[in-house]
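>>> the following comprises the amino acid sequence and a computationally predicted model.
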Amino acid sequence: MSRRHPVSPLTGALVLAALLALAAISAPRRALAGAPVLPCRVKAAFPHDARSFTEGLCIENGRMYESSGGWGVSYLAEVDPATGERLHSRDVDAKRFAEGLAAANGGLHLLTWRSGQGSIHSLDDLSPLGAFDYRVPTGHSEGWGLTFDGSRFILSSGTDALTFHQPEDFSPMGEVRVHDGGNPVRQLNELEFAEDLVLANIWKQDRIAVVDPADGAVTAWIDLSPLRRLVGPGAGVANGIAYDRKTGRLFVTGKHWDKLFEIEPDFDAWQRRAGDRE
Ligand SMILES: [Ca+2]
């Protein structure tokens with residue numbers, strides 16, 4: 001059965017309002033260092049549970065999953081992207097703070113912030129299937145964001161490092177340092193692998209870094225700041241990126257945001273290196 005729903009008149013009106021609001025966005029602006037800041041273009045807006053302290057967001061087989069953080073209140077859920085409702089939900093151990101989320105090997109892999117251990121869950125009902133250890137010897141002891149590129153996990157830990165991990169046992173396979181020009185890009189948070197690029201939220205910034213995982217170079221910034229006026233007053237930081245590789249749809253949200261946005265991907269522009277832009 002399809003999990004998609006027709007766009008309601010209310011949603012259509014929201015989309016129109018969003019598109020009108022964003023029509024004022026003009027040509028790309030140059031960042032101070034290196035990569036250009038490119039506008040995000042909203043295709044649709046959907047309700048999102050504003051109670052969610054969004055840590056991870058991903059799509060597998062057309063189903064959207066979200067993790068929400070906090071001590072004693074963390075949970076993992078399958079959510080209906082059309083309504084924001086939780087279709088399945090599972091509380092996380094009160095001693096653990098849920099973080100990033102990625103689907104791989106037929107299961108959901110949920111990071112925790114500081115425990116050093118993540119958990120694996122069923123894609124169908126979120127029931128526990130196992131656990132994995134994520135610490136690496138170079139001192140990145142925290143878990144923030146997680147994604148899967150088809151052969152490796154990619155993990156962020158609040159630093160400028162993206163670490164790569166074996167899909168079978170999560171053992172480390174190396175890392176890259178994310179940089180924009182010559183400047184390190186720290187506070188890497190939620191991640192999403194899409195079309196050979198890593199899209200990364202940056203803690204407390206309304207922009208997404210587009211990263212070439214081969215060398216850590218930021219090739220573009222996606223400006224999310226226009227979304228700020230479209231979400232409720234309780235909205236926190238932008239966090240949460242999910243790409244449906246089967247349909248090419250790309251979604252973003254944030255902590256306590258009351259909306260989930262589908263934005264238009266522009267991978268050609270996002271992956272263009274500085275020397276190729278002129
Ligand atoms: Ca993600």
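Okay, I see it.
>>> quick check: which element contains Leu260?
Assessed by DSSP states H and E, Leu260 sits inside strand 259-263.
>>> tell me the mean pLDDT for that strand?
Per-residue pLDDT values over strand 259-263 give a mean of 98.
>>> contact residues of the chain facing the ion?
57-58, 192, 241 (CB under 5 Å from the ion). C-beta here means a position set from N, CA and C on the backbone, and glycine is covered the same way.
>>> now these as JSON lines including distance to Val176?
Output for the residues of the chain next to the ion, formatted as JSON lines (distance: CB to CB, whole Å):
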{"residue": "Leu57", "distance to Val176": "22"}
{"residue": "Cys58", "distance to Val176": "21"}
{"residue": "Glu192", "distance to Val176": "16"}
{"residue": "Ile241", "distance to Val176": "18"}
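>>> beta partners for Pro128?
In this structure, Pro128 bridges to His121 when assessed by DSSP bridges.
>>> how near is it to Arg114?
Note on Pro128: its distance to Arg114, by CB to CB, to the nearest Å, is 20 Å.
>>> in three-state terms, label the closest residue to the ion within the chain for me.
Here the chain gets closest to the ion at one residue, Glu192, 3.9 Å apart by CB to the ion. Under DSSP: H, G, I helix; E, B strand; the rest coil, Glu192 falls in the strand class.
>>> picking that back up, of Pro128 and Arg114, which one has the most company?
Per other CB atoms under 10 Å, whichever of Pro128 and Arg114 has more neighbours is Pro128, with 13 against 10.
>>> for that one, give its distance to Ser115.
According to CB to CB, Pro128 stands 15 Å off from Ser115.
>>> ok so, going back, just the CA trace of the strand holding Leu260, in PDB.
Output in PDB follows, covering the C-alpha atoms of strand 259-263 (Å, rounded to 0.1, in the frame of the first residue of the first chain):
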ATOM      1  CA  LYS A 259       7.100  21.900   9.500                       C
ATOM      2  CA  LEU A 260       8.900  19.500   7.300                       C
ATOM      3  CA  PHE A 261      10.000  21.000   4.000                       C
ATOM      4  CA  GLU A 262      10.600  19.300   0.700                       C
ATOM      5  CA  ILE A 263      13.300  21.300  -1.000                       C
END
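>>> can you map out the strands along the stretch 1-150 of the chain?
For the stretch 1-150 of the chain, the strands defined by DSSP state E, counting those that start in this stretch occupy 29-30, 36-39, 42-47, 54-60, 63-68, 75-79, 86-91, 98-104, 107-112, 117-122, 128-133, 146-148.
>>> of those, which shows the lowest average pLDDT?
Per-segment mean pLDDT for the strands of the stretch 1-150 of the chain reaches its minimum on strand 29-30, at a mean of 46.
>>> ok, back up a step: what about the residue of the chain closest to the ion, how many residues nearby?
Glu192, neighbours per other CB under 10 Å, totals 28.
>>> give me the beta-bridge partners of it?
Bridge pairing for Glu192 - DSSP bridges - gives Leu199.
>>> now do it against Asp169, distance only.
23 Å.
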